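Enquirer: Could you look at this predicted model? Sequence included:
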Amino acid sequence: MDEIRFKSAVIKVVSKKDRILEGIASSRSKDVMGDIVEPDALMESWEKYYSKFPTIRYMHGPEPIGKIIDVRKDNDKVIIRFKISKTEDDIWTKINEGILKGLSIGFFPQDYEEIYDENGKFTGFHFTKVMWIETSVVDTPANMDAVILDKSMADKIVKEGLDAVLKKGVVPNNPSGYGLEDPNKPWNAPTLSDFTDKKFDELSDSEKMKIAKHFAWAAKMPPEKFGDLKLPHHDPKTGNVNKHAVDNAMARLDQANIDNKDAVRRHLENHQKEFGEKVVNMETEEKMVEDVEESTEEVQEEEQVEEKTVEETVEDQEMPDSVDEEEEMEEEQMAEEEEMEQKIGQMFNEMYQMIKSMHDNLSEKVAELEKAKEELEQKVKDLELEATIQKEVEQRLADMGIVKATKTVDVEEQKNTASVMAWLKKYAH
């Protein structure tokens, strides 16, 4: 298992003035995927790895929005304290409004075991060793500890079940090691037969979840039927992203009969960025409209002022230079930010590929060692057999009164010895 896994929990505000928050990064309770992450595994990874670059991200995107300032273990929970950057006013507002209310950690599994219920059905993974690489502020926590902070909510979950409370679909993770298809490659929506020859209800939960990773939305994980998967955009054979499929999914998103559309949109926008497209979200479009309206009002006011005095006209004529300079600075700043985002995203992908390559190389070395071990064991057995045969030959020669020569061997004795050796090899087993 070389894919990045995610696990979520809840956050609370510690200091509004300093924008400091605290949250349960993980606990030993099962999340909605049925997975358990050992707290000790996270603490070990924090000390060895993650503490070297403890950034906080937004919805598992490439850009950092803050940093972790403390990590501690409390019984079976890992609690982190972190700070949101002063530049992230929009995200800070959403946190205080309760729109962003959870944390989600990203990690590479290093050691795990499968979990099965009393009927032998696979229910999830128990991760005992991980490489914790990322933490994000998210809108929908997945860990049970994220919702059982309020007793009324806990009672509702007991009565109706967690799915009935959350009532949201799932945005699956991307296929492991996916790449980008040629932007000009055409796209046809896949059917179940493109993934497997089996019927969907014949697939294991693991196989169903693997197929779900090729789509932008699933009713639940693992999906109950193939029709629960919406907005495909990964090639069923290679797992690579198809640009036409992403554009088509974005165009259909508003009309799609699914929930959690904001998370789906962010997922697809990240793919658009991978193809080098500049993404403008709904909030940005609304802001652009407001800016245009404000600019129009300013121009009208300037025209009125121009009609009054010549001095004001001259001042108004000087303003466009200042505006142009400001726009150029904003464009340069945006270009720098986009370049930084691309570098961070590229660095993250290179890190992932490096770790995956190390994992693959290690697996190959282990296989080679296993093969060498088997060959060595076989050679030892052959040598032991040869020694046994040699001993039997010497004993039988002694019984037959044939003395072993020290310098020369009679031709007849060679024939006798060869005959005995052949007989022993045939019947020694």
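Expert: Everything's here; your move. Numbering: from 1, shown residues only.
Enquirer: which regions of the stretch 1-150 of the chain lie under the pLDDT threshold?
Expert: 1-10, 32, 140-150 (pLDDT under 70).
Enquirer: which residue ranges form the strands in it?
Expert: Applying DSSP state E, counting those that start in this stretch to the stretch 1-150 of the chain gives strands spanning 5-15, 20-27, 36-37, 55-58, 64-74, 77-84, 102-116, 122-138.
Enquirer: per-domain residue ranges of the chain.
Expert: Domains of the chain are assigned by automatic domain parsing as 1-166, 168-279, 383-427.
Enquirer: chain center to the first one, what's the gap?
Expert: Here the centre of domain 1-166 is set off from its chain's centre by 14 Å, with Cα atoms, centre = their mean, to the nearest Å.
Enquirer: In the stretch 151-300 of the chain, mark out all the strands, start to finish.
Expert: Under DSSP E, counting those that start in this stretch, the stretch 151-300 of the chain gives strands at 215-218, 229-232.
Enquirer: Can you tell me the strand partners of the last one and which way each runs?
Expert: Same thing as strand 229-232. Strand 229-232 has the following strand partners under DSSP bridges: strand 215-218 (antiparallel).
Enquirer: quick one: average pLDDT of the strand it pairs with?
Expert: Strand 215-218 carries an average pLDDT of 92.
Enquirer: Check stretch 186-201 too.
Expert: Rounded mean pLDDT across stretch 186-201 is 93.
Enquirer: how deep is K83 tucked in, by neighbour count?
Expert: Applying other Cβ atoms under 10 Å, we find 18 residues neighbouring K83. C-beta here means a position set from N, CA and C on the backbone, and glycine is covered the same way.
Enquirer: highest average neighbour count across the strands of the stretch 151-300 of the chain?
Expert: When you average the neighbours per residue for each of these (mean count of other Cβ atoms under 10 Å), strand 215-218 leads with a mean of 24.
Enquirer: Could you list the residues in contact with that strand?
Expert: By Cβ atoms under 8 Å, 6 or more residues apart in numbering, the surrounding residues in contact with strand 215-218 are 169-172, 212, 228-234, 249, 256, 258, 260, 264, 267-268.
Enquirer: Tell me which entries of the residues you listed lie within helices.
Expert: 212, 249, 264, 267-268 (DSSP state H).
Enquirer: Now tabulate those residues in JSON lines and tack on pLDDT, neighbour count and distance to K86.
Expert: Shown next, in JSON lines, are the ones in helices among the contacts of strand 215-218 (pLDDT from 0 to 100; neighbours: other Cβ atoms under 10 Å; distance: Cβ to Cβ, whole Å):
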{"residue": "A212", "pLDDT": "92", "neighbour count": "24", "distance to K86": "39"}
{"residue": "A249", "pLDDT": "92", "neighbour count": "24", "distance to K86": "35"}
{"residue": "V264", "pLDDT": "90", "neighbour count": "23", "distance to K86": "30"}
{"residue": "H267", "pLDDT": "89", "neighbour count": "22", "distance to K86": "28"}
{"residue": "L268", "pLDDT": "92", "neighbour count": "24", "distance to K86": "30"}
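Enquirer: any idea which of those is closest to D89?
Expert: For the ones in helices among the contacts of strand 215-218, the minimum distance to D89 (Cβ to Cβ) is 24.1 Å, reached by H267.
Enquirer: ok, that closest one to T128 distance?
Expert: Separation of H267 from T128 (Cβ to Cβ, to the nearest Å): 29 Å.
Enquirer: same thing with K101?
Expert: K101 is 29 Å from T128, where distance means Cβ to Cβ.
Enquirer: for D35, same thing?
Expert: In this view, D35 and T128 are 12 Å apart by Cβ to Cβ.
Enquirer: go on, N242?
Expert: Taking Cβ to Cβ, one finds N242 at 37 Å from T128.
Enquirer: So for these two, which sits in the more crowded spot?
Expert: Of the pair N242 and T128, N242 is the one with more neighbours under other Cβ under 10 Å, namely 24 against 15.
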